[in-house]
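In: task: produce atomic coordinates for the following.
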Amino acid sequence: MLDNRLTTFLVLCDTMNYTRAAERLCITQPAVTHHIHFLEEYYGCRLFAYEGKHLCLTAQGERLRELARPLAYNSRKIREVLASPAPVSLRVGATKTIGEFVVAPLVSRFLRAHPEASFSLTVENTRYLLGEIEAGRLDFALIEGFFDREHYAARLYRREAFFGVCAPEHPLAGRSAALEELLEERIIVREAGSGTRAIFEEALRRRNHTLGSFSRAVTVSEFSTIKALVEDNMGISFLYAPVVERELAAGTLARFDLAGEPLSGAFHFVWLRDNLFAGQWAEWMGEGGA
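Out: Numbering: from 1, shown residues only. Predicted structure coming up:
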């Protein structure tokens with residue numbers, strides 16, 4: 001069982017406000033202060049400090065948060081396992097590319113193997129899912145995009161090609177083009193925080209450009225809308241191969257590539273470090289690389 005003072009510490013890390021932390025915990029603000037002072041005396045260091053009017057974690061506070069999150073997750077998970085009548089309980093996250101176009105066979109395989117399991121799947125962007133893992137609301141996530149390997153354990157599932165798409169009648173269709181040739185096009189991208197956008201922005205940075213280099217940029221969070229706009233020749237986009245597999249086969253979209261190195265992205269299983277339950281998910285990860 002996690003010490004309630006560590007629970008208070010983690011809630012204050014999330015809210016960075018003593019009053020909101022007290023409200024979330026249903027205790028008084030002086031009780032929150034007392035819990036934090038106890039931890040600071042016990043560990044012999046300051047955990048929080050004010051920078052002007054803003055409450056911030058110290059370096060020691062950052063380290064304690066990193067160590068305490070797996071403790072909180074493991075404590076909660078042990079309680080769930082002992083209390084739940086279901087033999088298996090699993091909360092999984094997937095980014096939108098993976099959730100819409102990749103993950104279904106993995107879920108089917110799991111449910112066939114565990115027909116009585118309690119299971120949930122959250123499909124969101126990479127940034128959101130990492131936050132849910134840190135908060136202990138997800139057991140693990142299958143994500144695209146970038147993450148801090150010092151804070152999470154991970155295993156590669158597979159790599160996927162990442163390339164440009166345009167309308168079949170577009171001059172770019174079926175060929176390779178230098179980035180500078182694309183800058184006058186309307187570029188249609190996913191929202192900030194998505195893995196699809198992150199890998200494209202990283203490719204731009206390697207070529208000394210940003211999204212601001214394009215004359216026109218449109219942000220759309222849904223793949224179906226992005227593909228419809230590209231099919232209607234309203235712009236170009238860059239997407240993973242599974243997202244446009246059907247459209248390319250049907251001829252409603254065409255592929256083009258950036259000149260130079262081929263683009264690809266990695267899909268990773270990601271979970272909290274020091275997670276006591278990670279070994280139980282090996283069947284999920286069997287198809288990917290190590």
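In: point to the residue nearest the middle of this structure.
Out: The residue lying closest to the centre of the chain (CA atoms, centre = their mean) is Thr126, at 2.1 Å.
In: give the contact list for it.
Out: Thr95, Ile143, Glu144, Gly145, Phe146, Phe147, Gly193, Ser194, Gly195, Ala198 (CB atoms under 8 Å, 6 or more residues apart in numbering). Heads up, the C-betas are built off the backbone N, CA and C, glycines and all.
In: shouldn't the fifth one be in contact with Glu201?
Out: In this case it means Phe146. No: in this structure, Phe146 is not within contact of Glu201 by CB atoms under 8 Å, at 9.9 Å.
In: which two among the contacts of Thr126 are spaced furthest apart?
Out: Phe147 and Ser194 (13.1 Å; CB to CB).
In: those two: which is more packed in?
Out: More crowded of Phe147 and Ser194, by other CB atoms under 10 Å: Ser194, with 23 against 20.
In: before we move on, back to that, excluding chain neighbours, what is closest to the residue nearest to the centre of the chain?
Out: Gly145 (4.0 Å; CB to CB, 6 or more residues apart in numbering).
In: which residues does that neighbour contact?
Out: By CB under 8 Å, 6+ apart, the contact set of Gly145 is Thr95, Thr126, Ser194, Gly195, Thr196, Ala198, Ile199, Gly265.
In: so which of those wins on neighbours?
Out: Neighbour max across the contacts of Gly145 (other CB under 10 Å) = Thr95, 28 neighbours.
In: and Glu150, what element?
Out: Assigned by DSSP states H and E, Glu150 falls within no helix or strand.
In: next one: it from Glu62, what distance?
Out: 11 Å (CB to CB, to the nearest Å).
In: who has more neighbours out of these two?
Out: When neighbours are counted by other CB under 10 Å, Glu150 and Glu62 differ, and Glu62 comes out ahead with 13 against 7.
In: where in the stretch 101-250 of the chain is pLDDT low?
Out: Applying pLDDT under 70 to the stretch 101-250 of the chain flags no residue at all.
In: all helices of it, in order?
Out: Applying DSSP state H, counting those that start in this stretch to the stretch 101-250 of the chain gives helices spanning 104-113, 126-134, 179-182, 195-206, 223-231, 241-250.
In: buried deepest among those, which one?
Out: Ranked by mean neighbour count, these are led by helix 126-134 with a mean of 21 (mean count of other CB atoms under 10 Å).
In: what is the burial count for Leu82?
Out: 7.
In: isn't Ala135 right up against Val11?
Out: No: between Ala135 and Val11 there is no contact, the gap being 10.1 Å when judged by CB under 8 Å.
In: between these two, which one's more packed in?
Out: The neighbour count for Ala135 versus Val11, taken as other CB under 10 Å, is higher for Val11 (19 against 13).
In: tell me who's in contact with that one.
Out: Ala21, Arg24, Leu25.
In: restricted to strands, list those residues.
Out: Per DSSP state E, strands hold no members of those.
In: let's have those residues in TSV, adding neighbour count.
Out: Formatted as TSV, the contacts of Val11 follow (neighbours: other CB atoms under 10 Å):
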residue	neighbour count
Ala21	25
Arg24	15
Leu25	17
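In: now distance to Phe162 and pLDDT too, for those, in CSV please.
Out: Shown next, in CSV, are the contacts of Val11 (distance: CB to CB, whole Å; pLDDT from 0 to 100):
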residue, distance to Phe162, pLDDT
Ala21, 41, 95
Arg24, 40, 93
Leu25, 43, 94
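In: closest to Val107 out of those residues?
Out: For the contacts of Val11, the nearest to Val107 is Arg24 (32.1 Å; CB to CB).
In: tell me the confidence at the spatially closest residue to the closest one that is not a sequence neighbour?
Out: In this structure, Arg24 finds its nearest non-sequential neighbour in Val11, 5.5 Å apart by CB to CB, 6+ apart. Listed pLDDT for Val11 reads 94.
In: partner strands of the lengthiest strand in the chain and their direction?
Out: Looking across the chain with DSSP E, the single longest strand is strand 152-166. Paired strands of strand 152-166, with direction, are strand 237-240 (antiparallel), strand 254-258 (antiparallel), strand 264-272 (antiparallel) (DSSP bridges).
In: what comes up buried for the last one?
Out: Judged by neighbour count (16 or more other CB atoms under 10 Å), strand 264-272 contains these buried residues: Gly265, Ala266, Phe267, His268, Phe269, Val270, Trp271, Leu272.
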